[in-house]
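Peer 1: Only the shape, not the letters, is given here:
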């Protein structure tokens, strides 16, 4: 269903539209989530300046989070000892009145970096997290036609 213009009955998605679940646990407050999929095809060239063809390339998914200190501690308590070795999934849902709910899933996450770089100020403490992920599905769609 395509969005009708102008959208009179309802709202467009915003940061406040996002619901975040880590290991099936709702994270009520968070600072940011960033995820991307990159699939750069290889190039096949011969003895000519023109490109002859391309390969499928490799799929590389990445994800990072910024959680407030309290929510970060809730997550690592849920993961337990060895939390950087624990695998978990993340579900990101966008919902607004007048719009369909969109759900992205980030599969097979493990912590690859935890950064607690706190500085003086009035803002709440933030923990920056880099994740190593196995796969990201966007709006229920897989990135490749044939997935393992």
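Peer 2: Noted; the coordinates are in hand. Just so it is clear, the structure is predicted and the values come from calculations on it, not from any experiment.
Peer 1: in this structure, which residue is closest to the centre?
Peer 2: residue 35 (3.5 Å; C-alpha atoms, centre = their mean).
Peer 1: State the helix or strand in which it lies.
Peer 2: Per DSSP states H and E, residue 35 falls inside strand 32-40.
Peer 1: Quick one: name whatever helix or strand follows that strand.
Peer 2: The helix or strand immediately downstream of strand 32-40 is strand 43-45, counting by DSSP H and E.
Peer 1: Pull up the pairing partners for that next one, direction included.
Peer 2: strand 51-54 (antiparallel) (DSSP bridges).
Peer 1: Can you tell me what sits against the very next helix or strand once past the partner strand?
Peer 2: Next in sequence after strand 51-54, counting helices and strands by DSSP H and E, comes strand 58-68. For strand 58-68, contacts defined as C-beta atoms under 8 Å, 6 or more residues apart in numbering pick out 27, 29-40, 75, 90, 106, 109, 124-131, 133-136, 143-144. To be clear about C-beta, it is placed using only N, CA and C from the backbone, and glycine gets the same treatment.
Peer 1: Mind checking what helix or strand follows strand 58-68 in sequence?
Peer 2: Next along from strand 58-68, by DSSP H and E: helix 69-79.
Peer 1: Show me what the residue nearest to the centre of the chain is bridged to.
Peer 2: According to DSSP bridges, beta-bridge pairing links residue 35 with residue 63.
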